[in-house]
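A.B. asks: starting from these lines, generate the structure:
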Amino acid sequence: MKWTCVLLLLAGMWPQMAVGADYEKCAAIVSDAERLACYDQVAMQAVKLLPAAQEPCPADADQRSDGGVVADSYLGRTWELDAHTKTGTFHFREYKPVYILPVHYSNNPNQSPSSPAPNRSEVLPESTGSTEVKYQLSFKTKLWENLLEDNGDLWFAYTQQSHWLLYNSQVSSPFRETNYEPEVIYSLRTDADLAGLHWRLLNLGLVHQSNGRGLPLSRGWNRVYAQFGLERDNFTVFLRPWLRLPDSGDRDDNPDITRYIGNGDVQLRYSHGENIYSALGRYSVRGGHGAVQLSWGFPISQMLKGYVQLFSGYGETLIDYNHSQTSIGVGLSIQDWQ
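C.D. replies: Numbers count the residues shown, from 1 in each chain. Sure thing, here's the model as predicted:
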């Protein structure tokens with residue numbers, strides 16, 4: 001496609017070069033009347049030589065394998081799937097939503113965290129409270145670009161979610177829980193149409209998640225996953241089955257975690273103007289448990305969005321992996337940052 005644009009440019013320049021040579025001939029004529037007539041004749045020829053209007057070269061699109069054009073999209077932009085979206089390595093990009101919820105309310109705070117693993121259950125009830133501050137930080141950066149000729153990027157991603165008991169002054173407002181989640185992701189560009197959706201990418205990932213706490217509140221696990229990213233217009237679907245990597249012996253803080261968290265998740269995202277709606281769902285066939293998280297980001301300024309999040313089910317945090325609750329939070333987010 002780039003060569004086509006070059007040829008079109010040259011085609012437009014050729015008549016101008018030819019006309020320029022004719023003007024030089026006219027300038028050599030001594031007689032004013034003849035020289036003016038020569039200029040008029042060359043000008044009329046130039047109009048006839050002008051090429052028909054051409055469509056502009058699509059600088060913001062790339063060609064599909066079937067000859068069609070891939071328009072700019074959420075997946076193409078955030079995962080740099082197309083040639084015009086590539087930015088190279090070690091540039092920070094958005095991953096999961098970045099937000100702060102100054103008011104986050106739970107109808108059933110987990111005051112007695114437990115696990116079937118030895119020495120992983122809290123004996124005395126924790127002082128928590130129904131209202132806290134919840135925030136999440138997340139980013140990704142590309143470590144290696146185009147491992148397979150013009151495809152296959154290696155990414156590092158990091159997400160941190162914290163729950164802060166800011167309003168519980170009786171226990172000096174501590175952080176109730178913080179989850180740390182580093183990932184290594186190998187992202188492949190795909191190109192297939194499935195059930196009316198365009199399959200754009202396949203992510204193969206290795207992820208560790210833990211809360212960094214000592215016994216009896218230590219929780220953590222490791223997973224490998226395959227994530228399928230599909231989209232159509234402003235609608236995006238992520239399908240992510242995963243496989244837990246076993247921990248040896250007494251190092252397993254939560255041996256039954258997949259019974260509550262499940263073996264995968266599905267995320268839906270829809271943008272309408274500057275409003276962004278998303279839904280995340282998990283379900284364990286083996287355990288019969290799961291969770292649903294709904295969120296809405298809406299514009300309030302050029303840089304910030306208002307953010308509302310509703311969660312219901314198991315595993316809002318690792319310490320709550322086997323605890324069911326419904327929570328709602330209201331705050332601010334930075335979504336789709338570049």
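
A.B. asks: domain ranges for this structure?
C.D. replies: The chain breaks down by automatic domain parsing into domains covering 2-49, 71-334.

A.B. asks: show me the shaky parts of this protein.
C.D. replies: Residues of the chain meeting the criterion pLDDT under 70: 1-24, 26-28, 30-33, 35-36, 39-40, 42-71, 335-338.

A.B. asks: adjacent strands (with direction) for the longest strand along it?
C.D. replies: Ranked by residue count and defined by DSSP state E, the top strand of the chain is strand 175-194. Applying DSSP bridges, strand 175-194 is found paired with strand 153-164 (antiparallel), strand 197-210 (antiparallel).

A.B. asks: and the ones you listed: which comes nearest Glu231?
C.D. replies: Taking C-beta to C-beta, strand 197-210 is the member of the strands paired with strand 175-194 nearest to Glu231, at 5.8 Å. From N, CA and C alone the C-beta is placed, and that goes for glycine too.

A.B. asks: how about that closest one: buried residues?
C.D. replies: Across strand 197-210, burial judged by 16 or more other C-beta atoms under 10 Å covers 197-201, 203, 205, 207, 209-210.

A.B. asks: can I get the residues you listed in TSV including distance to Thr128?
C.D. replies: Shown next, in TSV, are these (distance: C-beta to C-beta, whole Å):
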residue	distance to Thr128
Leu197	42
His198	45
Trp199	43
Arg200	42
Leu201	40
Asn203	35
Gly205	32
Val207	27
Gln209	21
Ser210	20
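
A.B. asks: nearest to Val103, of the residues you listed?
C.D. replies: Gln209 (25.6 Å).

A.B. asks: quick check: the gap between the closest one and Asn110.
C.D. replies: Using C-beta to C-beta, to the nearest Å, Gln209 is found at 17 Å from Asn110.

A.B. asks: measure stretch 262-278 end to end?
C.D. replies: 20 Å (C-alpha to C-alpha, to the nearest Å).

A.B. asks: who touches it?
C.D. replies: Stretch 262-278 is touched from outside by 74, 97, 225, 234-244, 279-287, 289-290, 294-299, 305, 335-336, with contacts defined as C-beta atoms under 8 Å, 6 or more residues apart in numbering.

A.B. asks: and with 7 Å instead?
C.D. replies: Identification of contacts with stretch 262-278 by C-beta atoms under 7 Å, 6 or more residues apart in numbering yields 234-242, 279-284, 290, 295-299, 335.

A.B. asks: of these, just the buried ones, PyMOL syntax please.
C.D. replies: Selection of buried members from the contacts of stretch 262-278 for PyMOL, criterion 16+ other C-beta under 10 Å:
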select buried, resi 236+237+238+240+242+280+281+282+283+284+290+295+297+335
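
A.B. asks: restricted to strands, list the contacts of stretch 262-278.
C.D. replies: Per DSSP E, the subset of the contacts of stretch 262-278 in strands is 235-242, 279-283, 290, 295-299.

A.B. asks: save the strands paired with strand 175-194 as TSV, and put in distance to His272 too.
C.D. replies: Shown next, in TSV, are the strands paired with strand 175-194 (distance: least, C-beta to C-beta, whole Å):
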stretch	distance to His272
strand 153-164	26
strand 197-210	18
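
A.B. asks: quick one: closest of the ones you listed to Arg120.
C.D. replies: Nearest to Arg120 among those is strand 197-210; the distance by C-beta to C-beta comes to 13.1 Å.

A.B. asks: can you pull the contacts of Thr159?
C.D. replies: Residues in contact with Thr159 (C-beta under 7 Å, 6+ apart) are 95-96, 136, 138, 181.

A.B. asks: any chance of the residues you listed in a markdown table, plus distance to Thr326?
C.D. replies: Listed next are those as a markdown table, based on distance: C-beta to C-beta, whole Å:
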| residue | distance to Thr326 |
| --- | --- |
| Tyr95 | 26 |
| Lys96 | 21 |
| Gln136 | 19 |
| Ser138 | 23 |
| Glu181 | 23 |
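
A.B. asks: so which of those comes closest to Trp221?
C.D. replies: Glu181 (10.5 Å).

A.B. asks: so that closest one sits against Ser210, correct?
C.D. replies: No: at 8.3 Å, Glu181 does not count as touching Ser210 under the criterion of C-beta atoms under 7 Å.

A.B. asks: just the strands in the stretch 51-200 of the chain please.
C.D. replies: Assigned by DSSP state E, counting those that start in this stretch, the stretch 51-200 of the chain shows strands spanning 62-63, 69-70, 92-93, 98-106, 131-144, 153-164, 175-194, 197-210.

A.B. asks: now these in a markdown table, with distance to Asp82?
C.D. replies: A markdown table is the format used below for these (distance: least, C-beta to C-beta, whole Å):
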| stretch | distance to Asp82 |
| --- | --- |
| strand 62-63 | 4 |
| strand 69-70 | 6 |
| strand 92-93 | 15 |
| strand 98-106 | 24 |
| strand 131-144 | 14 |
| strand 153-164 | 12 |
| strand 175-194 | 8 |
| strand 197-210 | 9 |
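
A.B. asks: so which of these comes closest to His84?
C.D. replies: Of all the strands of the stretch 51-200 of the chain, the one in closest proximity to His84, counting by C-beta to C-beta, is strand 62-63 (6.4 Å).
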